[in-house]
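*Asks:* Fold the following and give me the result.
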Amino acid sequence: MVFHTNDFAQYFTSYFDGPFKVIPCGIDADELNGHSRDHEPSSDRILFVGQLRRYKGLPYLIAAIKQLRNSGRSVVLEIVGEGPDHNRVVDMISRLKLQDAISLRGDDVSREELDLAYRRSGLFVLPSVEGESFGIVLLEAAARGLPVVASDLPGVREVVEYLGGTLVQPGNSTNLANAIAKSLDNNRIRRHRATPPDLTKFVWEKIAKRHLDCYRELLGLAPEPTLSVPEISEGADEVKIEAVA
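*Replies:* Residues are numbered from 1 along each chain as shown. Predicted structure coming up:
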């Protein structure tokens, strides 16, 4: 069996006895580099990316935004995503009179537009109320230097701890508002984006190789060799590529 996080491995292996491996989800290599910084992030702009579904906990994030605005903070929230709870989210925004503070982008956005949403934000929040299998959006945010605040739940917990983010009690808008305020204040003290942790181990090429090695192990085969490709000097007639175990 293969699991994305140790949390889920421990849960399922308590019911099913057998060998298992923990292999995380991954991100594209270009997520880690090549993103320009021509848009200065707003320390008061909060970003959520994900489906508009009950388990994502958006009502608690919206309620937290209301508390922060009532306390005098000029925070704004950008929601990128779509889902069956769209009308419920819109109604709550209207009922709390947060139309000027919260924008809904839907899910019809290009990779460039999504990248811009990350880069112009100062904080990423994932307020789920049920465990997630992993939380790739957390890696996407961290790759662009955003600090993250997320619910203390299986799947999410392991990723946030690795990223050095903030975990909060799920389903508690007051705790979430306090965590957001503290993170925003810390950002102002630093006056620059957080230095992302080493995310290269999450690149899809490495993740794919770990899966391949797992399958080869099950078949009794040796791990897939890694190709060592030397630089080609000018005028070279032949290049020898050697496999490195």
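*Asks:* how many neighbours does Leu126 have?
*Replies:* For Leu126, the neighbour count with other C-beta atoms under 10 Å is 25. Placement of C-beta: from N, CA and C, glycine included.
*Asks:* now swap in the one 4 residues further on and tell me
*Replies:* A count of nearby residues for Glu130, using other C-beta under 10 Å, gives 16.
*Asks:* quick one: pLDDT of the residue lying closest to it once chain neighbours are set aside?
*Replies:* Nearest residue to Glu130 in three dimensions, chain neighbours excluded: Tyr55, at 4.0 Å (C-beta to C-beta, 6 or more residues apart in numbering). On the pLDDT scale, Tyr55 is placed at 95.
*Asks:* And Ala194, by the same measure?
*Replies:* The model reports Ala194 with a pLDDT of 50.
*Asks:* I'd say the residue nearest to Glu130 and Ser133 touch.
*Replies:* No: Tyr55 is beyond contact range of Ser133, at 11.5 Å (criterion: C-beta atoms under 8 Å).
*Asks:* Just say helix, strand or coil for the nearest residue to Val125 once chain neighbours are set aside.
*Replies:* Spatial nearest neighbour of Val125, chain neighbours left out: Val149 (4.9 Å); criterion: C-beta to C-beta, 6+ apart. Under DSSP: H, G, I helix; E, B strand; the rest coil, the three-state class of Val149 is strand.
*Asks:* now Glu78
*Replies:* Assignment for Glu78 (three-state DSSP): strand.
*Asks:* and if you look at Leu104?
*Replies:* strand.
*Asks:* Ser173 contacts Asn70, doesn't it?
*Replies:* No: counting by C-beta under 8 Å, Asn70 is not a contact partner of Ser173; they are 11.9 Å apart.
*Asks:* So these two - more neighbours on which side?
*Replies:* Neighbour totals were compared for Ser173 and Asn70, and Ser173 leads with 19 against 10 (other C-beta under 10 Å).
*Asks:* list the contacts for that one?
*Replies:* Residues near Ser173 by C-beta atoms under 8 Å, 6 or more residues apart in numbering: 59-61, 63-64, 67.
*Asks:* can you do 7 Å?
*Replies:* 60, 63-64, 67 (C-beta atoms under 7 Å, 6 or more residues apart in numbering).
*Asks:* tell me the pLDDT at it?
*Replies:* In this model, Ser173 carries a pLDDT of 98.
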